[in-house]
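Q: the amino acid sequence is not available; the structure is as follows:
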């Protein structure tokens, strides 16, 4: 039994050969029925497919429940998904043909939990404007004084929201604007910042840098309660780097 168990885990790393795990699992079930022994079932449930399935189901309880995929992340890859309130994760660009068996069980487990119990409890559940809606909201919003934004404090619906200076500096950096090199006395037109709200729980922050050879125009969707982004839209220009909020939700360091 140990040899079968160990063999299945080895197969999982051998590209499309990992499909051979399924016949081995069928043999274990058949053996358990014929021998009326619990030992084959223990090996069955300790095999890769059930373990990965249960890991995916348990991720429903985590801070970043994620569906696994592969390939190079695109501009919206790190955003929260509005339909499922989950994230995406990638195993990278190296593909060996065994991804479906390695990623499918976990994705299935997460999907089952969402079907049974709804959205995962920890990610943001509130208003989630589309890129078009967020653009329209901020088109009509007044400009925020850049000095105020630089301090990490913005005003939304007459109330102050503290983002933190490190966070606003990072937002500027991702729009190709460097606060450390800027002075209010500069002749260049500074970064334009507009803020609007979407419902009671979402703050929309738009940053436009017209000084670039290719203008940068980005929108961040923030949860009002935590003042932390859950999505980034790129209207103009392209920043291929992951957003600063993409790996650690709620991390301000």
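A: In hand now; what should we look at? Note that the coordinates shown come from a computational prediction; the quantities given were computed from them, not determined experimentally.
Q: where do the helices sit along this protein?
A: For the chain, applying DSSP state H gives helices covering 2-11, 21-35, 39-45, 48-58, 99-117, 131-139, 146-150, 165-174.
Q: got the buried residues for the second one?
A: By neighbour count with 16 or more other C-beta atoms under 10 Å, helix 21-35 contains the buried residues 21, 24, 25, 28, 31, 32. Every C-beta, even on glycine, is put in place using the N, C-alpha and C of the backbone.
Q: off-centre distance for that helix?
A: Distance, stretch centre to chain centre, for helix 21-35: 38 Å (C-alpha atoms, centre = their mean, to the nearest Å).
Q: now the helices of the chain as JSON lines including distance to residue 234 and mean pLDDT?
A: What follows is the helices of the chain, written out as JSON lines (distance: least, C-beta to C-beta, whole Å; pLDDT from 0 to 100):
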{"stretch": "helix 2-11", "distance to residue 234": "41", "mean pLDDT": "85"}
{"stretch": "helix 21-35", "distance to residue 234": "40", "mean pLDDT": "90"}
{"stretch": "helix 39-45", "distance to residue 234": "44", "mean pLDDT": "91"}
{"stretch": "helix 48-58", "distance to residue 234": "30", "mean pLDDT": "96"}
{"stretch": "helix 99-117", "distance to residue 234": "26", "mean pLDDT": "96"}
{"stretch": "helix 131-139", "distance to residue 234": "9", "mean pLDDT": "95"}
{"stretch": "helix 146-150", "distance to residue 234": "19", "mean pLDDT": "89"}
{"stretch": "helix 165-174", "distance to residue 234": "10", "mean pLDDT": "92"}
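Q: for residue 92, which of those is the nearest?
A: Evaluated over the helices of the chain, closeness to residue 92 peaks at helix 99-117, with 10.1 Å, by C-beta to C-beta.
Q: what packs against that closest one?
A: When contacts are defined as 3 or more C-beta pairs under 8 Å, 6 or more residues apart in numbering; DSSP states H and E, helix 99-117 sits against helix 48-58, strand 66-69.
Q: how distant is the longest one from the center of its chain?
A: Read it as helix 48-58. Using C-alpha atoms, centre = their mean, the offset of helix 48-58 from its chain centre is 20 Å.
Q: what of stretch 115-132?
A: 12 Å.
Q: buried residues, that stretch. List them.
A: Here stretch 115-132 shows 119, 120, 123, 124, 127, 128, 129 as buried, counting by 16+ other C-beta under 10 Å.
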